[in-house]
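Colleague: Only the shape, not the letters, is given here:
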Ligand code: C2E
Ligand code: CA
Ligand code: CA
Ligand code: CA
């Protein structure tokens, strides 16, 4: 067989170096992105499966870089987390999302993603309360999305913070459910208001028996814990029919609406029939 090992390795080393370089540059540029107004939020609707009425908008962070263009949060959030920049950026996201939601009908919530790194500093609960106070948004209209990775370290302390937030009336959702470390034990530590089933299980659900089985099990689990179950990444009418049929309460995905600017949300809400 032809040996390409050496060449492949050189290429691999080069690619690694490039990635490290790019991350270093991104970290530097991200540190001024906030003050340069390069960050903004998009909002994606989450609807009731039965009525298709909007229940919530999830705030999704965007970085419009002046020369590189739009950078995906999947690329820059990890950079923000490893550099500590997630703390000021996370605070800004909370304030911005709460302020925006006060312009919507008061039946509609806003969901904000929290990084595990925001739990390690001391001020998360205080930051959330300040964002609510400054915007005068009711705590009942705020939902916080976390992933199970926050249970890997400082479990008791993080559960204490979650309970503190929940007692204010804020909803707590478990994001990307079914991916990651997949130990169900943490479901005993904290009682979530919502489970969001990851998109990877929703795709091809009707033609992939394994996905359907997992979705069914998660819905049953969610129901038995008294949690609302949301299907993420619904892209087709077929998937929508399937998640509705299986008993998902809510759905989110390109079929129901793409992430859009705050301005587009405003336009969409005025064009909706009242009740
Ligand atoms: P996530 O929280 O799981 O957000 C859902 C992602 O799926 C979003 O990607 C959304 O645009 C995308 N999506 C929604 N519906 C569909 C669909 O039907 N098909 C497909 N293919 N994708 C769909 P986005 O906006 O690129 O965000 C990626 C991730 O970045 C988020 O995943 C979240 O983990 C993180 N993120 C975004 N904004 C924030 C933030 O403000 N703070 C933190 N800590 N993380 C954030
Ligand atoms: Ca999310
Ligand atoms: Ca998710
Ligand atoms: Ca995700």
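Modeller: Alright, I've got the coordinates. This structure is a prediction, so every number in the text was calculated from the model and none was measured. Ligands and ions are numbered 1, 2, ... in the order given.
Colleague: residues in contact with residue 138?
Modeller: 106, 132, 169 (C-beta atoms under 8 Å, 6 or more residues apart in numbering). Where you see a C-beta, it was placed from the backbone N, CA and C, and this is true even at glycine.
Colleague: Got a ChimeraX select line for the buried ones in these?
Modeller: Only the buried entries of the contacts of residue 138 go into this ChimeraX selection, using 16 or more other C-beta atoms under 10 Å:
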select :132
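Colleague: From the contacts of residue 138, which shows the smallest pLDDT?
Modeller: Ranked by pLDDT, the contacts of residue 138 bottom out at residue 106, which has 95.
Colleague: how close does the nearest residue to that residue once chain neighbours are set aside sit to residue 74?
Modeller: Nearest residue to residue 106 in three dimensions, chain neighbours excluded: residue 141, at 6.7 Å (C-beta to C-beta, 6 or more residues apart in numbering). Per C-beta to C-beta, to the nearest Å, residue 141 is found 27 Å from residue 74.
Colleague: the more surrounded of the two?
Modeller: residue 141 (21 against 7; other C-beta atoms under 10 Å).
Colleague: list the contacts for the more buried one?
Modeller: Counted by C-beta under 8 Å, 6+ apart, residue 141 has contacts 101, 106, 108, 109, 110.
Colleague: Can you flag which of those residues belong to helices?
Modeller: Using DSSP state H, residue 101 are the members of the contacts of residue 141 that sit in helices.
Colleague: Write out the residues of this protein neighbouring ligand 1.
Modeller: 44, 59-61, 72-74, 77, 93, 113-115, 175-176, 199, 233-235, 252-254, 259 (C-beta under 6 Å from any ligand atom).
Colleague: at 5 Å instead, please
Modeller: Counting by C-beta under 5 Å from any ligand atom, the chain comes close to ligand 1 at 60-61, 73-74, 77, 93, 113, 115, 233, 235, 253-254, 259.
Colleague: got any ranges where the stretch 151-275 of the chain has weak pLDDT?
Modeller: Counting by pLDDT under 70, the stretch 151-275 of the chain has low-confidence residues at 181-182, 274-275.
Colleague: Mind listing residues that contact the helix or strand encompassing residue 174?
Modeller: Residue 174 is located in strand 171-177, with elements delineated by DSSP states H and E. The contact list for strand 171-177, computed with C-beta under 8 Å, 6+ apart, reads 109, 111, 113, 140, 142-148, 162, 165-166, 190, 192-198, 218, 230, 232.
Colleague: and if you look at stretch 146-156?
Modeller: 114, 116, 119-120, 158, 162, 172-177, 180-183, 186, 189.
Colleague: Give me the buried entries from these.
Modeller: Neighbour counting by 16+ other C-beta under 10 Å classes 114, 116, 119-120, 158, 162, 172-177, 186 among these as buried.
Colleague: the strands in this protein, which residues?
Modeller: 39-48, 54-65, 69-71, 109-113, 142-146, 171-177, 194-197, 228-231, 250-252, 260-261 (DSSP state E).
Colleague: Fine by me, we can end here.
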